[in-house]
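Peer 1: Got a predicted model here, sequence first, then my questions.
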Amino acid sequence: MPVLNQSDTPLLAAMNNYVADGTVPFHTPGHKQGKGMHPRLESILGRKTLALDLALMAELDDLHEPHGCIKLAQDLAASLYGADHSYFVVNGTTGGIYAMILTIAGPGDKIIVPRNAHRSIIGGIILSGAIPVFIHPETDRELGLAMGVTPLTVEEAIQKHPDAKGVVIINPTYYGVATDLKQIVDIVHKHGMAVVVDEAHGPHLKFNDALPMQALDAGADICAQSTHKIVGAMTQCSMVHCRADRISVPRLKAMLQLVQSTSPNYILLASLDVARMQLATEGNELVQRAVELAGWVRDEINAIPGLYCFGREKIGNPGVHSLDPTKITVTVKGLGLKGAEAERILREHYKVQVELSDMYNILFLITFGDGEKEARVLVDALRDMALKYGGKNDFSLMDDVYSQVTYPDMPEQVLSPRQALFGQTRTVPFTEAAGKICAEIITFYPPGIPLLCPGERISEDVIEYCRRLQDAGLHISGPEDYLLKTVKVVE
Ligand SMILES: Cc1ncc(COP(=O)(O)O)c(C=O)c1O
C-alpha cells in the first residue's frame, strides 16, 4: 500500500481516475453518470458531479471491508485525530452513536447516560436493549440551558452502578459547553468502564487551543463527530474514532456495518476525505479565523441593549469547564421576545436563519465558511431587531416557574426503553396516567431535559410539574400529542 501524506485525498483520487479512464458503467447507480436522470435534477447537480456518483468496485474499495483507497483515507483521518482507528459514516453522527452504543452494550447491559442525551443516544439504547442509568446535567437558570455533567455526578453514578458497561458524555453540547472530560475519563477508566463521547459538535476542537479538549486527547475510548456540522464535509458525513484498548474493534466494525447502507454514496465519502485533508493542511488557520470572527460577533452582540451572548464568564460554573466560542447563543428574553419569535423575525425581516431557537435563546454557528460580511449582516440584524421589537413583554414569569415548583424525582424505571417501545401501547388522558408506564419521551424547553422516557412510571408529581410548565407556556417536545392532553402508555 502506498505511503501517503495528509495533503493526499486517496479516495477522491481513485474516483477521479475511474472517471478519467472512460470505463462504460454497467453498474449502479442506475442514472449512469447522469444520462438517465431527469434534467430537473441533472441540470442542478451537473454531469461532472454525477459521474462521480459511483459504486463499490475493486479500485474504489468497500466501506464495510476497506483494504484500498477507503482504508488509506480512514487511516489518514486516524493519524490526524490521534485515533487507533477512524471510520467514515454516511448517516451522520446518529449512525455513529448507534454503532458506538451497540459496541459497548447489549440487551440488559447498563449504560450511564446524561439525561439531556440527543435522541440518537436514546435510539442506540433502544436498538441495543441496554438499560440506561440517567445522570443529570447541571442547568443554568439564567440561560435556561442544560450544561455538562460534573465528574462528581459521574462518580456517584458509577458507585451506584459498578456493573455498568460504560458512560456516555456529550462534548461539547450544542451550545458549546464542555465539561471536565479528562477528569471524567480518569474516573470512568479507574472503574474499568469505557467512555463513549457524542462529539457531534466537535470535529474542529483539535485545531485550536482556545477550544475545549477533544475526546480522544482526553483519553476517551470512542467518539463520533459530525464532520458535516462544523467543518467542510457534506451533510450526513461523520467520523467515528476509537482507541483499541478498552473496546472491541471487530465489534465496532460489525456494528458500523449493521447501521450503514451497503451502497454508501461515494461523493459523501469523498467529502470526508477532502474535509480531513483541508483540516490537516489548513485547519489551524481556518479554525483560528472562525474563533476570531466569533469573538468579534460576541462582543458586538453584548454591546446591544437587551441581548446577552454568554462567554468565558460562565467557566467554572457547575458543568462548565470550557467553552467553544464559535457557538453564539444569544439570550433574547431581555428584549421580551421568545427564542422562536426572534427566529421568525430574523428570518422574515432580515433573511437571517438561526441554527436553532429555544425558549430564551437563539443559536448561531460561526464556522470558517463565514466571513466578515456575514458577521456584519448578523450583528446589524440583531441590532435592528433589538431596536424595533424589544421591550414588548415581561418574561420574568419564565424564571419564576422553575423556582416555584420542585423538580420531581427521577421516575422509576420499570421497563427498558426497548421493551416500552415494542410493548403494546394505548393512549390515555395525561391527567389520568399516574401509575402507568410511559411509552414516549416528554421534554420541556427550557432546559431540554426529558421529564419522562419510555419505560418510566408516570407519577402524580410529574403530571403536576408538567401542568405547571405548560401553564407557563413552555414548549413541549417528544410526545405524539404535542399538547400533552394524552400520553402513550404501555398496556
Ligand atoms: C448533541 C448531538 N448529538 C448527535 C447528533 C446527531 O448528529 P447527526 O445530525 O450528524 O446525525 C446531533 C444532531 O444535531 C446533536 O446535536
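Peer 2: Received the coordinates, thanks.
Peer 1: Please work out which residues outside stretch 241-255 touch it.
Peer 2: 77-78, 81, 83-87, 98-100, 102-104, 189, 194, 215-216, 219-225, 240 (C-beta atoms under 8 Å, 6 or more residues apart in numbering). For every residue, glycine as well, the C-beta is placed using N, CA and C.
Peer 1: Among the residues you listed, name the ones in helices.
Peer 2: Ala77, Ala78, Tyr81, Tyr98, Ala99, Met100, Leu102, Thr103, Ile104, His189 (DSSP state H).
Peer 1: Not counting its neighbours along the chain, what's nearest Val177?
Peer 2: Leaving aside its sequence neighbours, Val177 sits nearest to Met147 (C-beta to C-beta, 6 or more residues apart in numbering; 4.9 Å).
Peer 1: Please verify my assumption that that neighbour contacts Thr153.
Peer 2: No: the criterion here is C-beta atoms under 8 Å, and Met147 misses it with Thr153 at 11.3 Å.
Peer 1: picking up where we left off before, if any of the ones in helices among the contacts of stretch 241-255 are buried, give me the ChimeraX selection for them.
Peer 2: The buried subset of the ones in helices among the contacts of stretch 241-255, as determined by 16 or more other C-beta atoms under 10 Å, is captured in ChimeraX by this line:
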select :77,78,81,98,99,100,102,103,104,189
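Peer 1: Make a markdown table out of the ones in helices among the contacts of stretch 241-255 and add pLDDT and distance to the ligand.
Peer 2: Below are those laid out as a markdown table (pLDDT from 0 to 100; distance: C-beta to the nearest ligand atom, whole Å):
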| residue | pLDDT | distance to the ligand |
| --- | --- | --- |
| Ala77 | 98 | 16 |
| Ala78 | 98 | 19 |
| Tyr81 | 98 | 17 |
| Tyr98 | 98 | 10 |
| Ala99 | 98 | 12 |
| Met100 | 98 | 11 |
| Leu102 | 98 | 15 |
| Thr103 | 98 | 16 |
| Ile104 | 98 | 17 |
| His189 | 98 | 23 |
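Peer 1: picking up where we left off before, now for the residue nearest to Val177: which residues touch it?
Peer 2: Pro137, Glu138, Thr139, Asp140, Thr173, Val177, Thr179, Asn317, Pro318, Gly319, Val320.
Peer 1: How about Ile328?
Peer 2: Ile328 neighbours (C-beta under 8 Å, 6+ apart): Ala294, Val297, Arg298, Ile301, Cys309, Leu363, Phe364, Leu365, Ile366.
Peer 1: same deal with Leu415?
Peer 2: Gly423, Ile437, Pro454, Gly455, Val490.
Peer 1: Can you check what pLDDT the model gives the second one?
Peer 2: Looking at Ile437, its pLDDT stands at 97.
Peer 1: Any residues of the stretch 101-250 of the chain in contact with the ligand? List them.
Peer 2: His118, Ser120, Ile170, Tyr174, Asp198, Ala200, Ser226, Ser238 (C-beta under 6 Å from any ligand atom).
Peer 1: Most neighbours among those, which one?
Peer 2: The most neighbours of any of these, using other C-beta atoms under 10 Å, belong to Asp198, which has 29 neighbours.
Peer 1: What is the neighbour count of the nearest residue to Leu205 once chain neighbours are set aside?
Peer 2: Spatial nearest neighbour of Leu205, excluding adjacent residues (C-beta to C-beta, 6+ apart): Gln214 at 4.0 Å. Neighbours of Gln214 under the rule other C-beta under 10 Å: 25.
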